[in-house]
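Trainee: got a sequence here, can you build the structure:
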Amino acid sequence: MTALVTRVVEMQITTGGLVDESLRSELGRRLLDELRAELVRGWAAGGAADAELPPLMMAIEEIRVAIQPPAPQSFAAHLRGPDGMELLVNVAHDLRSPLTSILFLSETLQRGQSGGVNEVQRRQLGLIYTAALELSSVASDIIDLTHSELLMEREPVPFSVDGVFDAVNDIVRPIAEEKQLAVRLVPPSVDGRLGHPVALSRVLLNLTTNALKFTDQGYVEIATRDVSPTRIEFSVRDSGKGIDPAILPTLFDPVRRVNRREHGAKLFSQTGLGLTICRKLVAAMGSTVQVESRAGWGTRFFFELELPVFPERRSGPRAVVRERRSRPSRASS
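Mentor: Here you go, the predicted model:
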C-alpha cells in the first residue's frame, strides 16, 4: 500500500516512469480499487478542495492502466472466475453467427446459385465450408455443453427416422463432396417412430462430422439395425485409419491430452466436446454410446434406443440402403 500511495503522488508530478513490480499483481489491483473508493468516500469529509480531486483520480487511473495484466492473462483470469463459462458461451455465440453466414454463402456459391463456378473454385468453396462447419461445430458444442437440456424434447414426439438421416446428410454433404467420400444411409425397416428427434439428430451429426473429418478415402455410413420391433441400434462407421487404443480411455473427455508427435495430428482432436455432448444426450435417451475401432478397418460408434412405432405412421417392413456419393472429380482447365 505504501508503494502504491507513493507512486500515486509521483504520478501527479511526472507521468510515465517505472512501476513497482509488486503492484503488477491481483493484490496490487485490488488495493488500488480500495484506495480509489476510500479516496472518494473521504474526500468531502476531509475538507479538501474539489479542484485537487481530478488530478489525483487521473494519477490513479494511469497506474491502473500500467498494472493491468496483458489481454491474454486478463482473459484467462476471467475464464477461471465464477463467470468463466458464461464468458466462453458468449464468445461462442459471437463466433457462431458469422460462421453461419459463411456456411450459407459458401454453399450457395458452390451450388452455382449465384453464377457458374469451375471445379477449382467449387473445391475451394468446399474447403471454406468444411473449415467454417468445424469452427461452428466447436462453438455450438461450447454452447450446448452448458444447455444440453435444450437439445431434447421434454416428452417423446412422433418423427421420421428418414427425415433425421436426410437432415444430417444435407449438412455434411459439402464435406463429403470436397473429400470425395460416399455417405451411406441405412434406415430402419419402419420409419415412423416415437422419440427425441432433436437429440438424435445432434448425436448423429456430431458423429458423422467427426467420421468425415478423420476419413481420407472410402465412405461414412449412418446405419440402423432392428434389435426388436421397438428397439433400434444406430451406428456411424467410417473407413478411416482407426483410433489409437491409447486415446480410447479419454475419448469422451471434454479436453484430452494428446501427444501429436506420437499419435499424429489427424488421428483425433484434442477437444472431445462433441463426443461429450453425444454421451450426455444418448444417456438422457436411456442408452450408452459405445465405440469399436481397429487399424485399417475404421471406427464405429453405436448405441441402442427404444423407439416405439408411431401408429399413425406405421408402414410395412422394408430394407433400403441409400448411398450418396460426391460428384466425380474433373480436371480443371
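Trainee: which SS class is the nearest residue to residue 292 once chain neighbours are set aside?
Mentor: Residue nearest to residue 292 in three dimensions, not counting chain neighbours: residue 300, with 5.1 Å by CB to CB, 6 or more residues apart in numbering. Just so you know, the C-beta spots here come from the backbone N, C-alpha and C atoms, and that holds for glycine as well. What DSSP: H, G, I helix; E, B strand; the rest coil gives for residue 300 is strand.
Trainee: could you do the one 4 residues further on as well?
Mentor: Three states are possible here, and by three-state DSSP the one that applies to residue 304 is strand.
Trainee: doesn't residue 287 make contact with it?
Mentor: Yes: checked against CB atoms under 8 Å, the pair residue 304 and residue 287 is within contact range at 5.4 Å.
Trainee: tell me how many other residues crowd residue 114.
Mentor: As a burial measure, the neighbour count of residue 114 was computed by other CB atoms under 10 Å and equals 10.
Trainee: now swap in the one 5 residues further on and tell me
Mentor: For residue 119, the count of nearby residues is 13 (other CB under 10 Å).
Trainee: model confidence for it, exactly?
Mentor: What the model reports for residue 119 is a pLDDT of 83.
Trainee: helix or strand: which one has residue 184?
Mentor: When secondary structure is defined using DSSP states H and E, the element that contains residue 184 is strand 182-186.
Trainee: try residue 159
Mentor: Secondary structure here is read from DSSP H and E; on that basis residue 159 sits in strand 157-160.
Trainee: same question for residue 137.
Mentor: Under the criterion DSSP H and E, the helix or strand holding residue 137 is helix 119-146.
Trainee: other SSEs contacting that helix?
Mentor: Judged by 3 or more CB pairs under 8 Å, 6 or more residues apart in numbering; DSSP states H and E, the packing partners of helix 119-146 are helix 84-110, helix 161-179, helix 197-213, helix 273-284.
Trainee: again, only this time at 6 Å
Mentor: Based on contacts counted as 3 or more CB pairs under 6 Å, 6 or more residues apart in numbering; DSSP states H and E, the elements that helix 119-146 packs against are helix 84-110, helix 161-179, helix 273-284.
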